[in-house]
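Visitor: Sequence first, predicted model second:
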Amino acid sequence: MATTAQQMRAFTGLSLFSAGFRPFYLFAATWSALMVPLWIWIYSGGQTVALRIDVAWHAHEMLFGYICGIIAGFLLTAVPNWTGRLPVTGVPLALLFGLWAIGRLAMLSPAHDGLTAALADSAFLCVFAVVIWREILTGKNWRNLQVAVMVSLLALANIAFHSGETQVTIRLALGVILTLVALIGGRIIPSFTTNWLKKAGMALMPPAFNRRDLLVMVMTAVALLGWGLVPASPWSGGALLAAGGLNGWRLSRWRGLATRKEPLLWILHVGYAWLVIGLVLLGLAALGQAVNPPGAVPMQAGLHALTAGAIGVMTLAVMTRSSLGHTGRPLTAGRGTLIIYLLVNAAALVRVGAALVPQVYMSGLILSAMLWMAAFGGFVLVYGPRLVTARRRA
């Protein structure tokens, strides 16, 4: 059977729909670049004629719009490599992407909390979950059943959001996404690092995934579940701190410092470091809220270290690397890519800083939104032409 790369090269239709990463990376990044500054403008007092945008809308579109779009692009490209089955391309891919786009339009409508908008928005993740289950079960890829389970949980969480359970749902959905980051990151970071270190002639390699990594994964998932259900608790706070420490230990074994000369690698290590920082900050915030008076670390600091930091940096790291590889470009970060990496980390730093220093909160939000827009807009400008044109021939 032909490899996934060979199947992509043999595709004769519209290049944009020759692989899942192409439409989803391009338009999810575009949506991210537009959605965050739109939210900040309205939050800071801007007016709209018809839009009804609030905190719940912002959280929903970050998780179920932008991030789930990136997850779809990644999995639609990765799953065929895992299963050996044909990738979803052409009309089926265009229809699946269309469901995602319809969901974004539905959530922009003034009646986005109505039944019609809820059905339109929920359709994408439900269909996407079915696609992933079909591919993994048909391909007998039992190792990745947990990925299908997580996608299904996201679909259920989105439905629950539209039923009115917004706060708990958002926290639980974020927990699922962060667990997925820890799972996928724990596979690709040591693997890519090992390959690069071997080429560089180095002897000491990151350890392979083992039972200790599995225990860290379980601890992380349990801690995030506990926080999702009871956010202000000494138990959830302690569990989050423990998960942060364990993931920090895990990261320390992957030889990140040895990759400092290769941006496509060190950005993955930096993204995982944001996960560690975010879990610790969120744990401190949960502990602080359980006492009177509350502690010094606000929940927003931990939340945005995890969202703008861990998720923002990791998604751009994966998007740039896989876009280069799957469009036939060398796995080398050019100047534009390096600028994108610096911008998204700066956006995360400023956003976390704004939460920690109330005196500069509003100005920090605005600056962070501008940096975020520049990072994801930069991805669209640099990688957009590569995503809509045919793969380069070897």
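Guide: Yep, it's here.

Visitor: Report pLDDT for the closest residue to I42 other than its chain neighbours.
Guide: Sequence neighbours aside, I53 is the residue nearest to I42 in space, at 5.0 Å (criterion: CB to CB, 6 or more residues apart in numbering). Any C-beta I mention is one placed from the backbone N, CA and C, and that applies to glycine too. Listed pLDDT for I53 reads 78.

Visitor: same thing with T12?
Guide: Confidence score, pLDDT, at T12: 61.

Visitor: Make residue 1 into 830 and carry on from there
Guide: In the new numbering, first residue 830, that becomes T841.

Visitor: A946 is in contact with A940, correct?
Guide: Yes - between A940 and A946 a contact is recorded at 5.8 Å, counting by CB atoms under 8 Å.

Visitor: between those two, which one's more packed in?
Guide: Counted by other CB atoms under 10 Å, A940 and A946 do not tie: A946 has more neighbours, with 20 against 12.

Visitor: pretty sure the more buried one contacts L937?
Guide: No - the pair A946 and L937 fails to qualify as a contact (CB under 8 Å) at a distance of 9.2 Å.

Visitor: Which residue lies closest in space to V1051, excluding its sequence neighbours?
Guide: A1068 (6.5 Å).

Visitor: again with A857
Guide: G898 (3.1 Å).

Visitor: The one you found: which element?
Guide: Using DSSP states H and E, G898 maps to helix 897-912.

Visitor: which of the residues in that helix are buried?
Guide: 897-909, 911-912 (16 or more other CB atoms under 10 Å).

Visitor: Farthest pair within the residues you listed?
Guide: G898 and T912 (21.7 Å; CB to CB).

Visitor: In PDB, list the C-alpha atoms belonging to stretch 1082-1089.
Guide: Once non-C-alpha atoms are left out, stretch 1082-1089 reads as follows in PDB (Å, rounded to 0.1, in the frame of the first residue of the first chain):
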ATOM      1  CA  ARG A1082      14.500  14.000  30.400                       C
ATOM      2  CA  TRP A1083      14.000  15.100  26.800                       C
ATOM      3  CA  ARG A1084      17.300  17.000  26.300                       C
ATOM      4  CA  GLY A1085      15.700  20.300  25.300                       C
ATOM      5  CA  LEU A1086      18.900  22.300  25.800                       C
ATOM      6  CA  ALA A1087      20.700  20.200  23.200                       C
ATOM      7  CA  THR A1088      18.200  21.400  20.600                       C
ATOM      8  CA  ARG A1089      18.800  25.100  21.100                       C
END
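
Visitor: residues near the closest residue to L1108 other than its chain neighbours, how many?
Guide: Excluding its sequence neighbours, the residue lying closest to L1108 (CB to CB, 6+ apart) is G1073, at 3.4 Å. Using other CB under 10 Å, G1073 has 23 other residues around it.

Visitor: So which elements touch whatever helix or strand A1050 lives in?
Guide: A1050 belongs to helix 1040-1058 when elements are defined using DSSP H and E. Using 3 or more CB pairs under 8 Å, 6 or more residues apart in numbering; DSSP states H and E, the elements in contact with helix 1040-1058 are helix 995-1028, helix 1063-1081, helix 1092-1118.

Visitor: hang on, isn't the residue nearest to A857 packed against T859?
Guide: No - judged on CB under 8 Å, G898 makes no contact with T859 at a distance of 9.8 Å.

Visitor: picking up where we left off before, look at the residue nearest to I871 and give its secondary structure.
Guide: coil (DSSP: H, G, I helix; E, B strand; the rest coil).

Visitor: Mark out where each domain of this structure begins and ends.
Guide: By the assignment in automatic domain parsing, the chain contains the domains 841-993, 1003-1223.

Visitor: centre of the chain versus the shortest one, how much separation?
Guide: This points to domain 841-993. 11 Å (CA atoms, centre = their mean, to the nearest Å).

Visitor: who are the neighbours in contact with G894?
Guide: 857, 860, 864, 932-933, 936 (CB atoms under 8 Å, 6 or more residues apart in numbering).

Visitor: Starting from V920, give me the distance back to the residue nearest to G968 when sequence neighbours are not counted.
Guide: Residue nearest to G968 in three dimensions, not counting chain neighbours: T912, with 2.7 Å by CB to CB, 6+ apart. Distance, T912 to V920, by CB to CB, to the nearest Å: 21 Å.

Visitor: all strands for the stretch 830-979 of the chain, in order.
Guide: Assigned by DSSP state E, counting those that start in this stretch, the strands in the stretch 830-979 of the chain number zero.

Visitor: At which residues are the helices of it located?
Guide: 833-839, 850-872, 884-889, 897-912, 919-937, 944-967, 974-991 (DSSP state H, counting those that start in this stretch).

Visitor: Check those helices for me: which has the lowest mean pLDDT.
Guide: helix 833-839 (a mean of 54).

Visitor: Please name the residues that touch A940.
Guide: A946.

Visitor: From L843, how far out is V1126?
Guide: Taking CB to CB, one finds V1126 at 49 Å from L843.

Visitor: Likewise for P1092?
Guide: 31 Å.

Visitor: Which one of these two is surrounded by more residues?
Guide: P1092 (21 against 16).

Visitor: Surely that one is in contact with T1166?
Guide: Yes - under the criterion of CB under 8 Å, P1092 makes contact with T1166 at 6.7 Å.

Visitor: Helix, strand, or coil at G1157?
Guide: At G1157 the chain is in coil, as set by three-state DSSP.

Visitor: What does it show for phi and psi?
Guide: phi 80, psi 20 (degrees, to the nearest 10).

Visitor: and it, how many neighbours does it have?
Guide: Taking other CB under 10 Å as the definition, G1157 ends up with a neighbour count of 15.

Visitor: Wait, it touches T1218, no?
Guide: No - look at G1157 against T1218 with CB under 8 Å: they stay out of range, at 10.2 Å.

Visitor: how about TSV for the contacts of G894, with distance to G1207 added?
Guide: What follows is those, written out as TSV (distance: CB to CB, whole Å):
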residue	distance to G1207
A857	15
W860	15
M864	16
G932	25
R933	21
M936	25
